[in-house]
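Asker: Provided below for reference: sequence and predicted model.
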Amino acid sequence: MRIVILFAILLSALFADEHKYSNKKQGVAPVNNQLYINECAACHFAYQPGLLPGNSWEKMMGNLENHFGVDATLLDEEFKAISKYLNENSAEKAMEYKRSKKIARSMRNDGTIIAVSKTPYFIKKHREILSKYINQKEVKGLFNCTACHTTAQKGIYSQRDIIIPNYGRWDD
């Protein structure tokens with residue numbers, strides 16, 4: 001009888017894990033903060049908070065006077081609100097999303113990487129793309145997610161939605 005009960009418990013655990021896995025969300029959580037969109041997407045793509053861990057966002061926000069060569073300082077109230085949004089939705093806090101989980105697991109825990117395109121996961125996923133496609137005028141660099149990821153605005157970075165300008169559909 002004990003063996004039957006133990007077997008039933010093991011089966012339940014197995015199916016519970018499968019069910020949990022099947023509910024895994026693809027990509028990263030889409031941006032849903034209007035202040036963040038207004039302030040950050042006015043200059044560049046509104047990178048989803050789940051694309052970096054919290055310590056990386058914290059470091060980035062701590063140096064807005066030199067934000068990739070541009071002064072992007074904010075009013076104190078906006079700074080606090082956007083910092084809170086980024087921290088509460090950072091990669092390690094959005095582990096139900098497939099890509100956020102992979103990004104968080106690929107990072108060192110020191111927050112030294114503040115560019116999405118410098119994360120180990122990102123580098124691994126883009127390593128086979130020839131530089132001529134990355135550096136062409138239609139793309140300009142790996143920072144320009146929407147140049148190739150047709151569903152990046154939704155937080156979906158699946159392979160089937162990649163169309164590289166002057167190359168076509170990416171088929172890894």
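Answerer: Yep, that arrived.
Asker: Would you quantify the distance from the most centrally placed residue in the chain to Met107?
Answerer: Nearest residue to the geometric centre of the chain (C-alpha atoms, centre = their mean): Leu51, 2.1 Å. Distance of Leu51 to Met107, given as C-beta to C-beta, to the nearest Å: 11 Å. For the C-beta atoms, the positions are set from N, CA and C on the backbone; glycine is no exception.
Asker: Spit out the residues that contact those two alike.
Answerer: 91, 119 (C-beta atoms under 8 Å, 6 or more residues apart in numbering).
Asker: What segments of the protein are helices?
Answerer: Under the criterion DSSP state H, helices of the chain are mapped to 2-22, 34-40, 54-61, 76-88, 98-106, 120-126, 131-134.
Asker: For the second one, name the packing helices and strands.
Answerer: Meaning helix 34-40. Packing contacts for helix 34-40, counted by 3 or more C-beta pairs under 8 Å, 6 or more residues apart in numbering; DSSP states H and E, involve helix 76-88.
Asker: Can you give the distance of the helix it packs on from its chain's centre?
Answerer: Counting by C-alpha atoms, centre = their mean, to the nearest Å, helix 76-88 is centred 18 Å from the centre of its parent chain.
Asker: who does it touch, helix- and strand-wise?
Answerer: Using 3+ C-beta pairs under 8 Å, 6+ apart, the elements in contact with helix 76-88 are helix 34-40, helix 54-61.
Asker: From the chain's centroid, how far away is stretch 160-168?
Answerer: Per C-alpha atoms, centre = their mean, the centroid offset for stretch 160-168 relative to its chain is 20 Å.
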